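Q: starting from these lines, generate the structure:
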Amino acid sequence: MILIRFFLYIIILLTSSLIGYSLGSKYSKRVINLVNLQQSIRLLQSEVIVFANPIPIALENISRRVSPEIQQVYSIIEESLVENQTGDLYSCFLQSIEFLKNTCLLKDRDIDVFLALGKVLGKTDRTDQELQFKYALNEFELLIVEAKDERIKNEKMYRSLGVLMGLGMIIILI
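A: Numbers count the residues shown, from 1 in each chain. Predicted coordinates for the structure are as follows:
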């Protein structure tokens, strides 16, 4: 009987700790995805501004060189652009919002910066597009710093909270 209780306590502690670590890891994932998205925007900038590639080709080239989650974002945009045939890139960017929120764990402010790029891309001349790329990259730099601060604060809190909740439940059961 004592052995069963001991294993139950261990399971409670491990489960609550895993929940805390899982909740805390969301903050790390956001930072990683913001950095990867910023890198992909740099790649998109070079494809559009330097190499003067059309948007569908640029999106295809980028999707081969980025992380799997960001690759999926650009695949959604590219598929929407091919299916849509209207040429409205912003509406294609809008198709990726749910994926950015749910899978990449980005916040609305992060997504708005990304969508702002989609509004201008392909509609203005190179100079305006280059300015928009610089703006987006600067904004992402600020968002990354903010996300790192948030990660430091909240990740540790959730991990500690998970362990403490498990210990508290064990104390209550004893």
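
Q: could you list the low-pLDDT ranges of this structure?
A: Applying pLDDT under 70 to the chain flags the ranges 85-87.

Q: how about the helices of the protein, start to end?
A: For the chain, the helices defined by DSSP state H occupy 2-45, 55-63, 68-84, 89-94, 97-102, 108-120, 126-173.

Q: dump those into JSON lines; add mean neighbour count as well.
A: C-beta coordinates here come from the backbone N, C-alpha and C atoms, glycine included. Compiled in JSON lines, the helices of the chain are given as follows (neighbours: other Cβ atoms under 10 Å):
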{"stretch": "helix 2-45", "mean neighbour count": "16"}
{"stretch": "helix 55-63", "mean neighbour count": "19"}
{"stretch": "helix 68-84", "mean neighbour count": "17"}
{"stretch": "helix 89-94", "mean neighbour count": "19"}
{"stretch": "helix 97-102", "mean neighbour count": "15"}
{"stretch": "helix 108-120", "mean neighbour count": "17"}
{"stretch": "helix 126-173", "mean neighbour count": "15"}
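
Q: so how far is I170 from F7?
A: According to Cβ to Cβ, to the nearest Å, F7 stands 12 Å off from I170.
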